[in-house]
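> Got a predicted structure here, sequence first:
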Amino acid sequence: TKPRFESKVQGRKRQMFAIGEFSKICQVSVKTLHHYDRIGLLKPAKVDDFTGYRYYGEHQIDIMLLIQRLKRYGFPLDEIRKLLDGTDERTFYVKLLKQKKQLELKMQEMSSVIHEMSAHLSNMERTGDIMAYQKDYEISVREVPERAALAYRTKMGVEEFGKYYGILYERVPKEKITPNGITGAIYYDKEFNRECSDIELFVGIREKEKADKRMERALCAVTVHKGAYSSLPDAYGALTSWIRENGYECVGAPYDIYVKTGFDSIPVEDWETEVYFPVKKAETE
């Protein structure tokens with residue numbers, strides 16, 4: 001069933017409004033109405049052949065108010081046009097639900113950013129150093145043991161991690177595999193692109209003979225990042241500086257292990273990510 005976007009005015013003739021009146025009723029500028037007309041989002045019910053004046057029907061008030069509401073929900077105009085153009089009620093509901101979840105995620109991310117800013121301000125008040133937050137990372141070099149894992153490597157965006165982890169975890173019961181609680185991501189590209197990078201996701205397992213990947217024993221510079229993934233570059237920057245200053249050099253792709261995440265039902269500021277950079281002692285001249 002298609003959603004009923006047009007209200008029905010029964011028992012009387014529908015009233016027509018000049019564009020200025022319609023603008024005032026709906027609290028939207030005439031310029032915006034002209035734009036909506038051009039892009040086919042909301043066309044006038046009538047255009048006078050002689051004067052070119054635009055007139056809107058009473059039934060279009062509800063449509064205009066719905067457009068404004070969908071804009072507040074964060075839908076772009078082209079998406080709103082598609083939603084109003086014959087979308088059935090079930091599809092419309094699913095679209096709204098998906099957008100609600102995206103807004104909730106953005107709100108969570110914004111809360112994390114505010115918490116991060118508060119910590120940054122506290123650091124500045126205490127040290128007077130705008131870059132002091134990078135000095136909060138405790139970095140060590142240690143021998144990391146061999147790991148057996150299920151793995152999936154492809155060009156992917158960060159937002160697609162859930163989909164590809166789902167593929168890995170679907171194999172667990174089918175192949176009678178026992179995860180050991182370790183999940184992570186290896187970054188192979190020299191340049192990072194959030195939308196599309198060469199990334200390998202892995203899930204640690206106990207059955208070595210069933211592993212897709214054997215992560216060899218390696219010497220790594222390691223630190224722990226606390227907070228949102230959006231601020232992980234701070235940890236990467238701190239590690240890079242530490243490695244150079246302490247006579248090491250990178251010899252492999254860096255990787256993350258997600259120790260505490262949103263799946264643990266904890267606030268974003270309590271998430272923990274271990275960051276590993278494979279290293280060796282730099283050669284001296």
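Noted; the coordinates are in hand.
> Tell me which helix or strand comes right after the helix or strand hosting Glu79.
For Glu79, the host element (DSSP states H and E) is helix 77-84. Remark: after helix 77-84, the chain's next helix or strand is helix 89-127, criterion DSSP H and E.
> helices and strands around that following helix, which ones?
Contacts defined by 3 or more CB pairs under 8 Å, 6 or more residues apart in numbering; DSSP states H and E place helix 89-127 against no helix or strand at all. From N, CA and C alone the C-beta is placed, and that goes for glycine too.
> Which positions in that helix come out as buried?
95, 112, 116, 119, 123 (16 or more other CB atoms under 10 Å).
> quick one: contacts for the third one?
Counting by CB atoms under 8 Å, 6 or more residues apart in numbering, Glu116 makes contact with 227-228, 231, 269.
> Give me the distance between it and Ser231.
6 Å (CB to CB, to the nearest Å).
> and if you look at the second one?
Ser112 sits 8 Å away from Ser231, taking CB to CB as the criterion.
> returning to that earlier point: out of the contacts of Glu116, which comes closest to Tyr36?
For the contacts of Glu116, the closest approach to Tyr36 (CB to CB) belongs to Ala228, at 37.2 Å.
> wait, isn't that closest one in contact with Glu109?
Yes. Because the distance of 6.6 Å satisfies CB atoms under 8 Å, Ala228 is recorded as touching Glu109.
> overlap in contacts of those two?
In contact with both Ala228 and Glu109: Val268, using CB under 8 Å, 6+ apart.
> the helices in the stretch 151-285 of the chain, which residues?
Using DSSP state H, counting those that start in this stretch, the helices found in the stretch 151-285 of the chain span residues 161-174, 232-245.
> Return the most buried member of those.
Among these, the stretch with the highest mean neighbour count (mean count of other CB atoms under 10 Å) is helix 232-245, at a mean of 16.
> I'd like the distance from that helix to the chain centre, please.
Averaging C-alpha coordinates over helix 232-245 and over its chain gives two centres that are 24 Å apart (CA atoms, centre = their mean, to the nearest Å).
> relative to helix 89-127, how tilted is that helix?
Inter-element angle recorded for helix 232-245 and helix 89-127: 40 degrees (by axes from the mean of the first three to the mean of the last three CA atoms, to 10 degrees).
> Stretch 213-228: how far from the chain's middle?
24 Å.
> Okay, buried residues for it please.
213, 215, 218-228.
> what sits against the residue sitting nearest the centre point of the chain?
Central residue of the chain (CA atoms, centre = their mean): Glu159, 5.4 Å from the mean position. By CB under 8 Å, 6+ apart, no residues touch Glu159.
> Could you measure from it over to Glu283?
For Glu159, the distance to Glu283 - CB to CB - is 40 Å.
> got it, and Leu168?
In terms of CB to CB, Leu168 sits 38 Å off from Glu283.
> go on, Tyr248?
11 Å.
> Got the phi and psi for Ala149?
phi -150, psi 150 (degrees, to the nearest 10).
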